[in-house]
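Peer 1: the sequence and its predicted three-dimensional model are supplied below.
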Amino acid sequence: MQISIFIPAYNAGGHLSQTIARIEADFWSQIKKIHIINDGSTDNTGEIAAQLSAEYPQIVVHNFSQNQGYGKVVRFGLTQALKDQSRGIVCLHGDGQYAPEMLGEICAPIFAGNLDLVQGSRHAQGTAAQGGMPRYKIWAGHALCALENRIFKLNMTDYHSGYLAYSTAMLQKLPFAQLKGDFEMDLELIALAQAQGFRLGEIAIPTRYADEISYLNPWRYGLRVLRVVQRFRRGFYHNLGKV
């Protein structure tokens, strides 16, 4: 069984090579393609991506001339990866914050046919604090998660890590192209999958806060998360794509 991976990469030149190098050697046989999406970076991300493409035959590089934002990159990445006709698709960020070493674990429920969407959780085993996540982010994450579990009728510990695996069979049925979110795009995909009756779950992942630069405004993001929750309650994701 094989997967496709897409990597959002904005000014990730300092981390991209190491992110690829950290993929376990015995997992490469299960990778059909890796789509590196250079989102209008102003550093050397494009050059690094080109070098990686020359070194690894599975890597394909997509260069945006201008920054399009996270949501558009995710929609583009999913669309491109679906063309590969692999068993599943994983979003792996280019800054190395989410462990490439965990690809086998996050894909396992997809390969086994047990889940349609797998969220990597930084809170399931308490790794958020150990990995240096600021306390205010931990507290805010717990508060949002409690609300999301109540509204989505799930029992998860993290909705916001950005490390997600999807079954191709599910994505072929989800009208994800109609979503318009930016940094909340991952949560919208979770809400859409839950609303339309697919199987969701999570696995514990390590947390790593180092010298990565975050382009996410936490207050604006929090408001957008609340908007997703509100739209779920009103049935927006239940009816999306239905005539």
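Peer 2: Thanks, I have the structure now.

Peer 1: need the helix or strand of the chain with the lowest average pLDDT.
Peer 2: helix 127-130 (a mean of 56; mean pLDDT, DSSP states H and E).

Peer 1: just the mean pLDDT for the lengthiest strand in the chain, thanks.
Peer 2: Longest strand in the chain, counting residues (DSSP state E): strand 31-39. Here strand 31-39 scores 98 as its mean pLDDT.

Peer 1: please enumerate the strands of this structure.
Peer 2: Assigned by DSSP E, the chain shows strands spanning 3-9, 31-39, 59-64, 88-91, 117-121, 164-167, 200-204.

Peer 1: dump the ones you listed to CSV, plus distance to Val74.
Peer 2: (C-beta placed from N, C-alpha, C; glycine too.) Shown next, in CSV, are the strands of the chain (distance: least, CB to CB, whole Å):
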stretch, distance to Val74
strand 3-9, 7
strand 31-39, 9
strand 59-64, 13
strand 88-91, 7
strand 117-121, 13
strand 164-167, 9
strand 200-204, 17
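
Peer 1: returning to that earlier point: who touches the longest strand of the chain?
Peer 2: With contact meaning CB atoms under 8 Å, 6 or more residues apart in numbering, strand 31-39 is reached by 2-10, 16, 20, 23, 45-46, 49, 52-53, 56, 58-64, 67-70, 73, 76-77, 80-81, 84, 86, 94.

Peer 1: re the thing from before, in JSON lines: the strands of the chain, plus mean neighbour count.
Peer 2: Shown next, in JSON lines, are those (neighbours: other CB atoms under 10 Å):
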{"stretch": "strand 3-9", "mean neighbour count": "26"}
{"stretch": "strand 31-39", "mean neighbour count": "23"}
{"stretch": "strand 59-64", "mean neighbour count": "18"}
{"stretch": "strand 88-91", "mean neighbour count": "27"}
{"stretch": "strand 117-121", "mean neighbour count": "25"}
{"stretch": "strand 164-167", "mean neighbour count": "25"}
{"stretch": "strand 200-204", "mean neighbour count": "18"}
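
Peer 1: any weak-confidence spans in the chain?
Peer 2: For the chain, residues meeting the criterion pLDDT under 70 lie at 125-140, 209-216, 243.

Peer 1: all helices for it, in order.
Peer 2: 16-21, 45-55, 70-82, 103-111, 127-130, 135-152, 168-171, 185-195, 218-233, 236-239 (DSSP state H).

Peer 1: can I get the third one as PDB, trimmed to CA atoms?
Peer 2: The reference is to helix 70-82. This file holds the C-alpha atoms of helix 70-82, laid out as PDB (Å, rounded to 0.1, in the frame of the first residue of the first chain):
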ATOM      1  CA  TYR A  70      -2.200  27.900   4.000                       C
ATOM      2  CA  GLY A  71      -5.800  27.100   3.100                       C
ATOM      3  CA  LYS A  72      -5.200  27.400  -0.700                       C
ATOM      4  CA  VAL A  73      -2.000  25.300  -0.300                       C
ATOM      5  CA  VAL A  74      -3.900  22.500   1.500                       C
ATOM      6  CA  ARG A  75      -6.700  22.400  -1.100                       C
ATOM      7  CA  PHE A  76      -4.100  22.400  -3.900                       C
ATOM      8  CA  GLY A  77      -2.000  19.700  -2.200                       C
ATOM      9  CA  LEU A  78      -5.000  17.400  -1.700                       C
ATOM     10  CA  THR A  79      -6.100  17.900  -5.300                       C
ATOM     11  CA  GLN A  80      -2.600  17.100  -6.600                       C
ATOM     12  CA  ALA A  81      -2.200  14.100  -4.300                       C
ATOM     13  CA  LEU A  82      -5.500  12.600  -5.300                       C
END
